[in-house]
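>>> What follows is a predicted protein model with its sequence.
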Amino acid sequence: MAAAARTLAEKYRLPLRNHDITGFPHVDFIQFRTYHGEPGLSYVYDHMDDISSRPFVELMSHPAYVDSYLLQSSSYNLQRLAELDFLVNSKTKDMLQKYSVELINYSQL
């Protein structure tokens, strides 16, 4: 699948995490958890020195407010709530400011 993604990224001139695509900076993907939630978001706090030393980093998340539908239809329901809490937590905001992190999206590369 990685080869197909790379081919499409090169054909349509799109950035792709963990791949060097001509015309775009390299974006490191930080795997801070598995779908079982380990090691968890504390990884980001514990490794921010390393994470912030990289020019571009993607931290993928799937935040959500959990309702009865999500509880019944997704096995990743409570992890989504934990990710939401992490993203809106003042500790996270303070950490991002401390490390002078600029939040961007792929269209800004």
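Yes, it's here.

>>> Residue 96 contacts residue 90, correct?
No: assessed by CB atoms under 8 Å, residue 96 is found out of contact with residue 90, at 10.6 Å. C-beta coordinates here come from the backbone N, C-alpha and C atoms, glycine included.

>>> So those two - more neighbours on which side?
When neighbours are counted by other CB atoms under 10 Å, residue 96 and residue 90 differ, and residue 96 comes out ahead with 14 against 7.

>>> any idea how far residue 45 is from the more buried one?
Distance from residue 96 to residue 45, counting by CB to CB, to the nearest Å: 11 Å.

>>> helix or strand for residue 3, which one?
Using DSSP states H and E, residue 3 sits within helix 2-12.

>>> Return the set of buried residues in that helix.
residue 9 (16 or more other CB atoms under 10 Å).

>>> what packs against that helix?
With contacts taken as 3 or more CB pairs under 8 Å, 6 or more residues apart in numbering; DSSP states H and E, helix 2-12 sits against no other helix or strand.
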